[in-house]
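Peer 1: Mind looking at a prediction? Sequence and model below.
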Amino acid sequence: MKGKVKLLTFDATNTLLKLCVSPWKFYANVAEKYGYQIHEDEIKKQFLYTYKNLTKKHPNFGKESILWENWWREIVQGTFEGKIKDNEHIKCIGNKLIQDYKSPKCWFPADGAVDLLEHVKSKCIDIGIVSNFDPRLHEILQSLNLSSYFKFILTSYEIGYSKPDKKIFDSAIEHSKLNLCTDACLHIGDDYEKDYLGATKAGWQAFLVTNNTSGLDVINPLHCFKNLQELKMAIEFQDNFS
C-alpha cells in the first residue's frame, strides 16, 4: 500500500451486503403469493434481459429520465411479461418487491462484515459507502443495524454518477469533510472494473474481495481477498491501519 489510510469506503452489494436468495427466486416467491407458479429459471432469463436493456436505456436507475421506483417497476413488468397478464397484479407485485428489497427479507450482512467494520472503527479511520444503488440503501443499512459505522453513504442515484466514474470517488472525499490526498483513501469492493479500476484510476488505493479471480492476474495478489475475514486478517498486520 502507498500510505496510511485515513478514509475507507466500501461497496454495498456483494461486498458488505449479501442477498438472502437470488432475485429470480424471490420474484418467483412473491408471484406465487398472487397465485402464479413460474419457474425461477424463466424469471432469471427475463430479469437479466430486462435489467441489461433498461440499464442501457435509463442508466443509473433512471436518474436522468425516470424515477427509480418506476425503473424497478419496468424491471418487474419486463420480468413477468407474457407470464402475468393482470396489470393490477403486476402493479401490486412491483410495489411489494420495492418495499421488500428495503428490508432484511432480502439482505443480510456479509460474513465478517461487522467484525471488519469494528476493527476499522477502532483505528479511528473514517468509513463510508460508495455504491451503485438507489436511495433504499440508507433504509437497508439501518434495518441491518449497520448505519452507525458510516460517516456518509453515497448512492450513485443520489450523487448522479456511477462507479467507475472518478466523480463519485471525488464526491466521497468531499463528503468525508477531510482535507485528504487521494492516496490516503482506500476503496473495497467486489467488481474489478467498477470498484478496483474505478478507485485506482481516481488515485485511490483499492482492494478487491471476490471468490472469482479468473482473469485477475493483473492485480497485485496482496490486493485481492476471498472474503472479508481474510481481508481483516491481512489489514491487522499492515502499518497503514495502525
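Peer 2: Yep, that arrived. Numbers count the residues shown, from 1 in each chain.

Peer 1: So, low pLDDT: which residues of the protein?
Peer 2: Scanning the chain for pLDDT under 70 picks out the ranges 1-2, 213-215, 239-242.

Peer 1: which stretches of it form strands?
Peer 2: 7-10, 17-19, 107-109, 126-131, 152-155, 185-189, 205-209, 224-225 (DSSP state E).

Peer 1: Nearest to D195, out of those strands?
Peer 2: For the strands of the chain, proximity to D195 was assessed by C-beta to C-beta; strand 185-189 is nearest, at 2.6 Å. (Glycine included, C-beta is placed from N, CA and C.)

Peer 1: Can you list the helices and strands that the closest one packs against?
Peer 2: Contacts defined by 3 or more C-beta pairs under 8 Å, 6 or more residues apart in numbering; DSSP states H and E place strand 185-189 against strand 7-10, helix 166-176, helix 198-201, strand 205-209.

Peer 1: hang on, the earlier thing: now render the strands of the chain as TSV, adding distance to L146 and mean neighbour count.
Peer 2: Converted to TSV, these look like this (distance: least, C-beta to C-beta, whole Å; neighbours: other C-beta atoms under 10 Å):
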stretch	distance to L146	mean neighbour count
strand 7-10	10	26
strand 17-19	8	17
strand 107-109	6	19
strand 126-131	9	23
strand 152-155	10	22
strand 185-189	15	26
strand 205-209	16	23
strand 224-225	20	19
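
Peer 1: Can I get the ones you listed in JSON lines including distance to E236?
Peer 2: Formatted as JSON lines, those follow (distance: least, C-beta to C-beta, whole Å):
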{"stretch": "strand 7-10", "distance to E236": "14"}
{"stretch": "strand 17-19", "distance to E236": "23"}
{"stretch": "strand 107-109", "distance to E236": "20"}
{"stretch": "strand 126-131", "distance to E236": "16"}
{"stretch": "strand 152-155", "distance to E236": "25"}
{"stretch": "strand 185-189", "distance to E236": "15"}
{"stretch": "strand 205-209", "distance to E236": "14"}
{"stretch": "strand 224-225", "distance to E236": "13"}
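
Peer 1: do you know which of those lies nearest S65?
Peer 2: Nearest of those to S65, taken as C-beta to C-beta: strand 152-155 at 16.9 Å.

Peer 1: That closest one - contacts with which helices or strands?
Peer 2: Under the contact criterion of 3+ C-beta pairs under 8 Å, 6+ apart, strand 152-155 touches strand 126-131, helix 137-143, helix 166-176.

Peer 1: Deepest-packed of the ones you listed, please.
Peer 2: Mean neighbour count, computed with mean count of other C-beta atoms under 10 Å, is highest for strand 126-131 among these, reaching a mean of 23.

Peer 1: Pairing partners for it, with directions?
Peer 2: The pairing partners recorded for strand 126-131 under DSSP bridges are strand 7-10 (parallel), strand 152-155 (parallel).

Peer 1: Just the C-alphas of the last one, formatted as CSV.
Peer 2: If I follow you right, that is strand 152-155. Extracted C-alpha coordinates of strand 152-155, given in CSV (Å, rounded to 0.1, in the frame of the first residue of the first chain):
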residue,chain,number,x,y,z
PHE,A,152,-21.5,9.0,4.9
ILE,A,153,-23.5,6.8,2.5
LEU,A,154,-23.2,7.7,-1.2
THR,A,155,-25.5,6.1,-3.8
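
Peer 1: got a list of contacts for it?
Peer 2: Applying C-beta atoms under 8 Å, 6 or more residues apart in numbering, the external contacts of strand 152-155 come out as 128-135, 137-138, 141, 147, 168, 171-172, 175-176.
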